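>>> only geometry, no sequence info:
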């Protein structure tokens, strides 16, 4: 093995400034002067299925939320549910921040696909139940709460992640975003 004197020489040969820099960085991060929403906490290996997993997790939890106009946010329906709207959004945003930006875009794309497919299915079901009134009928198709909540979640995720709303418009039409922006 190595003698204790060579180990000491290895440690003593390290520049003190690099240790000071690391200590300074850690103090800065833990002293509340940094922005945790923009901090990358770990360099992680790519996880190809993470966007799908997050999408499924979001969908399973968004149905347990409701819109509160006083807070302007999604909140849990029952106090017994373990997750509330903003912590769910913030946690999702923080997790996505640890990966390449394409992961966040994939989650938004999955949410947008869910919104469009569900609305198309609701419209088709209404046309079938009304006898196929065709395009001449001008009935308004109500947007389900799950779809509204998915839209609101996506909007809040973009807001907290500093993603421009125009990026979200690539996946969810702007008129639907405006329709659901202040109500649910």
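Yep, it's here. Just so we're clear, the structure is a prediction, and the values are computed from it rather than from any experiment. Residues are numbered from 1 along each chain as shown.
>>> can you pull out the helices in this protein?
Taking DSSP state H as the criterion, the chain carries its helices at 4-13, 16-30, 50-62, 85-97, 101-129, 145-160, 165-169, 174-180.
>>> the third one vs helix 101-129, what angle?
By that I understand helix 50-62. Angle between the axes of helix 50-62 and helix 101-129 is 50 degrees (criterion: axes from the mean of the first three to the mean of the last three CA atoms, to 10 degrees).
>>> residue 59 - how many residues pack around it?
For residue 59, the neighbour count with other CB atoms under 10 Å is 16. C-betas here are computed from N, CA, C, even on glycine.
>>> returning to that earlier point: and among the helices of the chain, the most buried is which?
Neighbour counts averaged per stretch over these are highest for helix 145-160, at a mean of 20; criterion: mean count of other CB atoms under 10 Å.
>>> and that helix, what does it pack against?
helix 50-62, strand 65-68, strand 73-76, helix 85-97, helix 101-129, helix 165-169, helix 174-180 (3 or more CB pairs under 8 Å, 6 or more residues apart in numbering; DSSP states H and E).
>>> right, and the helices of the chain - which one's nearest residue 79?
Ranking these by proximity to residue 79 (CB to CB) places helix 85-97 first, at 13.6 Å.
>>> got TSV for the helices and strands packed on helix 145-160, with distance to residue 150 and mean pLDDT too?
Listed next are the helices and strands packed on helix 145-160 as TSV, based on distance: least, CB to CB, whole Å; pLDDT from 0 to 100:
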stretch	distance to residue 150	mean pLDDT
helix 50-62	6	96
strand 65-68	10	92
strand 73-76	10	90
helix 85-97	12	94
helix 101-129	6	91
helix 165-169	12	91
helix 174-180	9	86
